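> just a sequence and a predicted model for now, questions to come.
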Amino acid sequence: MRRPTVGVKDTHRCLWGLIWRLRRRRVCIRRSGESILTYLTHPITKTTIEFANAKVLVVKNTDRPCWMDRYRTKTLKVDQLLLLALSIVIVGLWIPRWAGPLDLRWDGAVYYILGSSLAEGKGYRLLHEPGEIEAIQYPPLLPLLAAAPQMVLGTSDPVIVGRWLKLFFFSFHAAFVLATYFMLKMFVSRWVAFLGALALLLNVQVVFHSNLFFAEIPFGLVTVLFVLCNRRSSNPVHEVLAAVCAVTAFLLRAAGVALFAAWVAESVARKEFKRAAVRLLVAAIPVLCWNAYVFQVERSPSYATPAYPYQRAPYLNYNVSYATNLSLASYKTPGSGRATARQLAERFWQNALGMETTLGEAVSESREFWEYQFRYDGKRFPLLRRVLPWVVPIPLILLGGLILGGMVVLIGRGEIFIPVYILASVVLLCATPWPEQFRRYLVPIAPFLLTSLFAGVLSVGNWLRMSRSKLVRQCAPIAAMLVLALIFAAEVNSLDAMYKYHLDRVRSETHEGALVDYRLFYYDSASKSLDDGLDWLKRRTKADDVVATAMPHWAYLRKGLKAVRPPLEANSERAQALLDSVPVAYVVLDKSDEGASNAYMLPLLQGNPRAWKLVYADEKGPVRIYERVRAGEGDKGRH
């Protein structure tokens, strides 16, 4: 029997029918010369299947079909609506805290003081320390950001400059979330990417750190921009932009070495050894330059003979390098000395054991939140109260397990960078002695954890849909719904509580005496008591007096007081000798997060009334100020 012939019209009809069917499965049509190249894109891996058409299938009309324009326009409109929705939520989160300066407490004060030093032309120095020593802990890019508005405005007033820093961080926060949406779209569908970006936006740690002058938000933004450029690294311009982002990330945080490691490992895994060598060279330049600077400072005469004997003690983490910090056996007990190799291995192992739940916390909420939630529900369900210790870790272990599974899925699809970057970051975390800071350090990694999480969830859903059981196939969407419920229920409840109960009123004064009212997260009664105590102390101190406090950088930033941290010495005589070597005129004790030194100082101050006298105590008692008794000086009384 003679085979029937197929006409050109029938061929075109078949071709456009194929295109229409593929279009329903997220197909991108591209034109190459006169041929039509149809790319079927996988929702996770973006793997490409190419259909190269013969001459018989060539479309003679060079005009693009109308439905392609309509589809592209529709896609653009959906993207715009989703970005608009994210932008509305961002603005809504910022409106209650828009007034006033950025929060400069804790590490933010150190960054700001270093910026002031750069703006004043003094170099990279800690101005609050006697002798204004050179800083070697933080890379200098974030202090440079603080220096820029100080130089432009001609003032170092933290209330005035902090307002401009808040504008910067609003931009960083918004760009961080929106860039995460575009990054997620490279691995998952548009709507899943939107949910991932929304989960990042509502994350309590992300919102909290967006209001702090910390490196986490700018670092996270730069790493996401790096991925957006690196995915297009076949273009030389994007490869250069990726390199710039990688170097910028390291200059923001030393943890950028994890980004360098993943960048190089990606090229090695693809057997692009020349490109890997170039990337390794680019990575080595900033790392070696920064460490050469640290090495030079540590070998300088001023480091060997500081202004006071314990100025460069390993437990004074702001005054020494990260390597020195990590070398301590225990930062809470400085007398423990340097850690041995076995102690370092035990620390790493202990941190690694709880890392799965820590990863789950990074994309939802803390273990304490889940404990409170189950304990609250346990009032209505007594049985739940009995199994509370076993129930609490389950949501976090589930989320952490999906993240780890998603990393395996991405590697199986040929996506090397994100899993290696997460792994390298986790290795760095496990080497540190600060497990209570892990949630903070994982804030910049959250977009990549969400990518792995949704990759794992979608893979589980696909596996369930392939089951022979109809019931299992119908239950496949439950996996995604359960994960979304765990994430958003925890984030919304926690975020609502933070805004309702912990967005506290603050009143600050500019250098000219103008009062500014605004709000900060977690500015509780202890923080207010400390600021009131520093205000009182400023009126009492002389120009050359040095204050010992757990937050010396904040005392300098708020009131210009020369300040040091107290020595962490169990021996009272040794501690007294070290205080006199500064010499310290006043000691401030408080109940802030940095107040662990109270355990060392309080016995000394209370047990030596001839040397120290209490001159200030607020009504509630969390802040006390002791003055060194000077020879021939009478009692000045108490506040």
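Done, it's in. Residues are numbered from 1 along each chain as shown.
> next, count neighbours for Thr305.
Using other Cβ atoms under 10 Å, Thr305 has 11 other residues around it. Placement of C-beta: from N, CA and C, glycine included.
> show me where the chain dips below the pLDDT cut-off.
Residue ranges of the chain with pLDDT under 70: 1-75, 332, 334-336, 374-391, 592-596, 621, 631-639.
> per-domain residue ranges of it.
Domains of the chain are assigned by automatic domain parsing as 8-63, 80-88+103-299+336-349+361-501, 524-628.
> out of those, which comes closest to Thr324?
Nearest to Thr324 among the domains of the chain is domain 80-88+103-299+336-349+361-501 (8.5 Å), distances taken as Cβ to Cβ.
> if we can go back for a sec, Tyr308 is nearest to which of the domains of the chain?
domain 524-628 (4.6 Å).
> how far away is Ala199 from Ala485?
Taking Cβ to Cβ, to the nearest Å as the measure, Ala199 falls 12 Å from Ala485.
> and stretch 347-356, what's buried?
Using 16 or more other Cβ atoms under 10 Å as the test for burial, stretch 347-356 gives Arg347, Asn351, Gly354, Met355, Glu356.
> from these, which is closest to Ala497?
Gly354 (24.4 Å).
> Pro435 is in contact with that closest one, correct?
Yes - contact criterion Cβ atoms under 8 Å: Gly354 and Pro435 qualify, at 7.4 Å.
> which parts of the stretch 451-600 of the chain are helices?
Assigned by DSSP state H, counting those that start in this stretch, the stretch 451-600 of the chain shows helices spanning 470-474, 476-501, 525-540, 552-559, 572-581, 598-606.
> the more surrounded of Ala199 and Ala485?
Ala199 (24 against 12).
> sorry, back to before: and the furthest pair within the buried residues of stretch 347-356?
Maximum distance among the buried residues of stretch 347-356 (Cβ to Cβ): 17.5 Å, for Arg347 and Glu356.
> distance of Trp612 relative to Pro435?
35 Å.
> those two: which has the busier surroundings?
Ranked by neighbour count (other Cβ under 10 Å), Trp612 and Pro435 place Trp612 first, with 21 against 15.
> that one touches Pro603, doesn't it?
No - the pair Trp612 and Pro603 does not pass the contact test of Cβ under 8 Å, sitting 11.3 Å apart.
> Provide a list of residues in contact with Val483.
Contact analysis of Val483 by Cβ atoms under 8 Å, 6 or more residues apart in numbering lists Leu398, Leu399, Leu402, Leu453, Val457.
> contact partners for the fourth one?
In other words, Leu453. Neighbours of Leu453 in contact, by Cβ under 8 Å, 6+ apart: Val363, Leu399, Leu402, Ile403, Gly406, Val483.
> what does the third one give?
With contact set as Cβ under 8 Å, 6+ apart, Leu402 has these partners: Ser452, Leu453, Gly456, Val457, Val460, Val483.
> wait, a strand at it?
No - under DSSP: H, G, I helix; E, B strand; the rest coil, Leu402 falls outside any strand and is assigned helix.
> from Ala543, how far off is it?
Leu402 is 59 Å from Ala543, by Cβ to Cβ.
> how about the contacts made by Lys562?
Lys562 makes contacts with His128, Glu129, Pro130, Asp544, Asp545, Val546, Val547, Tyr556, as judged by Cβ under 8 Å, 6+ apart.
> burial of the fourth one, as a residue count?
Burial of Asp544, expressed as a neighbour count using other Cβ under 10 Å, amounts to 9.
> in contact with it, which residues?
Asp544 neighbours (Cβ under 8 Å, 6+ apart): Lys562.
> redo the domains of the chain as a markdown table? Include distance to His511.
Shown next, in a markdown table, are the domains of the chain (distance: least, Cβ to Cβ, whole Å):
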| stretch | distance to His511 |
| --- | --- |
| domain 8-63 | 54 |
| domain 80-88+103-299+336-349+361-501 | 5 |
| domain 524-628 | 9 |
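> Asn317 is nearest to which of those domains?
Judging these by Cβ to Cβ, what sits closest to Asn317 is domain 80-88+103-299+336-349+361-501, at 6.9 Å.
> helices or strands next to the helix or strand hosting Ala276 in the packing?
Using DSSP states H and E, Ala276 sits within helix 273-298. For helix 273-298, the packing partners by 3 or more Cβ pairs under 8 Å, 6 or more residues apart in numbering; DSSP states H and E come out as helix 236-252, helix 257-269.
> pretty sure Leu259 sits against Phe250.
Yes - between Leu259 and Phe250 there is a contact under Cβ under 8 Å: 7.2 Å.
> okay, these two: which has more neighbours?
Between Leu259 and Phe250, counting by other Cβ under 10 Å, Leu259 is the more crowded of the two (29 against 24).
> what separation is there between the more buried one and Lys613?
Per Cβ to Cβ, Leu259 is found 52 Å from Lys613.
> and Leu482, by the same measure?
For Leu482, the distance to Lys613 - Cβ to Cβ - is 61 Å.
> who has more neighbours out of those two?
Lys613 (18 against 13).
> next, that one: phi, psi?
Dihedral pair for Lys613: phi -130, psi 140, per degrees, to the nearest 10.
> lovely, talk soon.
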